[in-house]
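K.L.:
A structural model of the following input is requested.
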Amino acid sequence: MKCTIRAFLVIAATLTGCSAMACKPIVVTRLTFAEGAANLEPAQIAKLAEFIDRANSAFPKYLEVSIDGGAAVKVQGRTPAEARQLARRRAENVTRAYKQLQPTEIKLETTSSIYEDNKMSREASNDFVVVQFHPDYEALKLPDCNPVPIPGFKR
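P.N.:
Next up is the predicted model:
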């Protein structure tokens with residue numbers, strides 16, 4: 001019985017993973033900042049330029065680009081107001097660079113967030129900016145991840 005359940009779970013996980021790969025892709029990059037820094041370094045500008053080029057060649061049409069700056073609150077001597085200001089400055093600086101590097105006009109949303117913990121995960125700090133391109137899935141006719149009703153499924 002345990003082997004049957006385990007085999008079923010492995011098959012279900014494999015099928016779920018395969019279907020998720022064919023679904024709507026996420027076009028995103030993360031720029032990590034040194035603690036307290038808000039200005040872009042040359043390597044970050046190069047990474048952003050490369051990402052924009054890749055994004056533009058991956059899909060011909062995007063609905064929106066979102067840029068979200070982050071900063072940790074729990075840093076020695078940093079108040080929540082200072083963290084909010086730092087996150088906003090990071091987002092503004094990346095937005096300014098993005099506008100200079102992006103050849104086509106796409107709706108742009110810039111936000112910033114502060115985080116209580118020093119890290120969102122064990123691997124990454126909260127001193128970052130995330131840039132995400134949102135493809136126009138309908139215009140690009142990409143496959144629907146969750147078709148309703150599900151083909152072949154009967155109740």
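K.L.:
packing partners for the longest helix seen in the chain?
P.N.:
Taking DSSP state H as the criterion, the chain has its longest helix at helix 80-101. Contacts defined by 3 or more C-beta pairs under 8 Å, 6 or more residues apart in numbering; DSSP states H and E place helix 80-101 against helix 42-58, strand 62-72, strand 108-115, strand 128-135. Yep, even glycine has a C-beta here, placed from its N, CA and C like the rest.
K.L.:
Please identify the nearest residue in space to the residue nearest to the spatial centre of the chain, excluding sequence neighbours.
P.N.:
By C-alpha atoms, centre = their mean, the chain has its centre lying nearest to residue 28, at 4.0 Å. Once flanking residues are discounted, residue 28 sits nearest to residue 132: 4.2 Å by C-beta to C-beta, 6 or more residues apart in numbering.
K.L.:
Contact partners for the one you found?
P.N.:
Counting by C-beta atoms under 8 Å, 6 or more residues apart in numbering, residue 132 touches 26-28, 65-68.
K.L.:
Is it possible to get TSV of those residues that adds pLDDT and distance to residue 80?
P.N.:
Below are the contacts of residue 132 laid out as TSV (pLDDT from 0 to 100; distance: C-beta to C-beta, whole Å):
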residue	pLDDT	distance to residue 80
26	85	30
27	93	31
28	96	26
65	97	27
66	97	23
67	97	21
68	97	17
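K.L.:
from these, which would you call buried?
P.N.:
Those of the contacts of residue 132 that meet the buried threshold are 27, 65-68, by 16 or more other C-beta atoms under 10 Å.
K.L.:
and which of those residues is nearest residue 51?
P.N.:
residue 27 (8.5 Å; C-beta to C-beta).
K.L.:
So the residue nearest to that closest one when sequence neighbours are not counted versus residue 30, what's the distance?
P.N.:
Distances taken as C-beta to C-beta, 6+ apart put residue 133 closest to residue 27, at 4.0 Å, once the chain neighbours are dropped. Shown here: residue 133 relative to residue 30, a distance of 13 Å by C-beta to C-beta, to the nearest Å.
K.L.:
quick one, which of these two is more surrounded?
P.N.:
Higher neighbour count among residue 133 and residue 30: residue 133, with 23 against 14, using other C-beta atoms under 10 Å.
K.L.:
Provide a list of residues in contact with the more buried one.
P.N.:
Here residue 133 is in contact with 27-28, 55, 59, 62, 64-65, 106 (C-beta under 8 Å, 6+ apart).
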